[in-house]
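S.K.: Here's my sequence, what's the structure:
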Amino acid sequence: MALTLYLHPLASFCHKVLIALYENDTPFTAHTVDFSDAEANKAFLERWPVGKIPLLYDARQQLTLPETSIIIEYLDQHYPGQTRFLPADPAAQLQARLWDRFFDLYVQVPMQKIVADRLRPEGGGDVLGVADAHANLRTAYNMIEQQMADKAWAIGNRFSLADCAAAPALFYASIVEPFPASHRNLTAYFERLLKRRSFERVLEEARPWFKLFPFKEAIPKRFLDDE
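M.R.: Alright, predicted model coming up:
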């Protein structure tokens, strides 16, 4: 296969790209990067010295692409399918990119701050930083609640780049900062995302890895294997 995606099955940003690939049944090879393995880590750094996943390699073009939004736009241009991730209309394109950035920067980033803090050594936590991250998530939830008042998907009635970003961001964020009961639009949107077959597949593949998630005890039972 021409495409290889370097990833980890638990990583939310990797989920974003996987959703795009699964939306159109785009053939690719998944390569799990084991950062705990010195040789595997060295090999990955030789391909991408920044060391961040996901990373897409297109053998057909001999092209290495980082950054989730760039990867999905590349797929939309060079491996198009039934789901187009950027609308043809320039104004709608701008909204797709805007809300893609919103979910990455204002949902994913504070969520990851909270998760990463739990991994710090005892006594090394950033109490103020974590409190700010929770506050930022609540602000983001308020904005999404308003955005979704009259829409099926993030920017309208068609699934887009922004929804690829929203699904994993909201999944993990809802674990560390549950949605307010009053936010019915946000909750309904999240439930629609969960029913999207591409995201269902991502979560099915991630489920065996949930035991490694620092907030495993807070994951709702419906997302866990029967024990």
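S.K.: now the strands for this structure?
M.R.: Taking DSSP state E as the criterion, the chain carries its strands at 3-7, 29-32, 55-58, 63-66.
S.K.: Check which helices and strands the last one sits against.
M.R.: Spelled out, it's strand 63-66. Helices and strands in packing contact with strand 63-66 are listed as strand 55-58; criterion 3 or more C-beta pairs under 8 Å, 6 or more residues apart in numbering; DSSP states H and E. Yep, even glycine has a C-beta here, placed from its N, CA and C like the rest.
S.K.: Select, out of the strands of the chain, the one closest to Thr187.
M.R.: Put simply, out of these the one that sits nearest Thr187 is strand 3-7, at 28.5 Å, with distance taken as C-beta to C-beta.
S.K.: Quick one: mean pLDDT over the longest helix anywhere in the chain.
M.R.: In the chain, taking DSSP state H as the definition, the longest helix is helix 127-147. For helix 127-147, mean pLDDT rounds to 98.
S.K.: buried stuff in it?
M.R.: When burial is assessed from 16 or more other C-beta atoms under 10 Å, helix 127-147 yields the following buried residues: Val130, Ala133, His134, Asn136, Leu137, Ala140, Tyr141, Ile144, Glu145, Gln147.
S.K.: Tell me the spacing between the closest residue in space to Ala20 that isn't next to it in sequence and Cys14.
M.R.: Spatial nearest neighbour of Ala20, chain neighbours left out: Ile72 (4.5 Å); criterion: C-beta to C-beta, 6 or more residues apart in numbering. Applying C-beta to C-beta, to the nearest Å, the value for Ile72 to Cys14 is 12 Å.
S.K.: Would you confirm that Phe171 contacts Leu203?
M.R.: Yes. Using C-beta atoms under 8 Å, Phe171 and Leu203 qualify as a contacting pair, with a distance of 7.4 Å.
S.K.: can you list residues touching both of the two?
M.R.: The overlap between the contact sets of Phe171 and Leu203 (C-beta atoms under 8 Å, 6 or more residues apart in numbering) consists of Leu194.
S.K.: Of these two, which one has the most company?
M.R.: The residue with more neighbours, out of Phe171 and Leu203, is Phe171; 21 against 15, by other C-beta atoms under 10 Å.
S.K.: hmm, back to that, shared neighbours, Ile72 and Cys14?
M.R.: None of the residues lies in contact with both Ile72 and Cys14 under the rule C-beta under 8 Å, 6+ apart.
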